[in-house]
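>>> got a sequence here, can you model it:
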Amino acid sequence: MGDTTRQHLAQAAFAGCATDPAQTRQLTGRGLCHGTGGLLATARRVAADGHATAPLELIEHLHQTTAGHDEPRGLLDGTAGADLATLGTTVTGWDACLVLT
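Below you'll find the model as predicted:
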């Protein structure tokens, strides 16, 4: 949209939330929906689109160290989504179906 002021504000808000332990404790697992996988996929998009750096290393570490006990096999809340986020890239656009609200 060309509004770099809003872009910088959004990136700063994302980085603030992603590095706030009170916020990250609310993640429900490793899945894409409400989990560290979704946070990681979002961080990669923010980093690819942004003029500021997203805290990718911190989020990757959080995703890798979050326990994956009894995860279902599904895409949004399960191992498939968690694994896809782990291997993810912004090159393919697989995550374009995810809606960020």
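
>>> so residue 45 touches residue 95, yeah?
Yes. The pair residue 45 / residue 95 is scored as a contact, 6.9 Å apart, by C-beta atoms under 8 Å. C-beta here means a position set from N, CA and C on the backbone, and glycine is covered the same way.

>>> grab the nearest non-local neighbour of residue 60.
The spatially closest residue to residue 60, leaving aside those adjacent along the chain, is residue 40, at 6.4 Å (C-beta to C-beta, 6 or more residues apart in numbering).

>>> low-confidence stretches in the protein?
Residue ranges of the chain with pLDDT under 70: 1, 52, 99-101.

>>> so what's the residue nearest to residue 60 up against?
59-60, 63, 85-86, 88 (C-beta atoms under 8 Å, 6 or more residues apart in numbering).

>>> mind doing that once more with 6 Å?
59, 63, 85 (C-beta atoms under 6 Å, 6 or more residues apart in numbering).

>>> now these as TSV including distance to residue 21 and neighbour count?
Shown next, in TSV, are the contacts of residue 40 (distance: C-beta to C-beta, whole Å; neighbours: other C-beta atoms under 10 Å):
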residue	distance to residue 21	neighbour count
59	13	24
63	15	22
85	20	25
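
>>> so the residue nearest the centre of the chain, which of the three states?
With distances taken as C-alpha atoms, centre = their mean, residue 39 lies nearest the centre of the chain, 1.9 Å away. On the three-state scheme (DSSP: H, G, I helix; E, B strand; the rest coil), residue 39 is labelled helix.

>>> leaving aside the residues adjacent along the chain, what's closest to it?
residue 59 (5.6 Å).

>>> distance of the one you found from residue 6?
22 Å (C-beta to C-beta, to the nearest Å).

>>> ok, residue 68 next?
Residue 68 is 36 Å from residue 6, by C-beta to C-beta.

>>> for those two, indicate the residue with more neighbours.
Between residue 68 and residue 6, counted using other C-beta atoms under 10 Å, the more crowded position is residue 68 (16 against 10).

>>> where does that one fall, phi/psi-wise?
Main-chain dihedrals, residue 68, degrees, to the nearest 10: phi -110, psi 40.

>>> my guess is it contacts residue 28, does it?
No. The pair residue 68 / residue 28 is not scored as a contact, 11.8 Å apart, by C-beta atoms under 6 Å.
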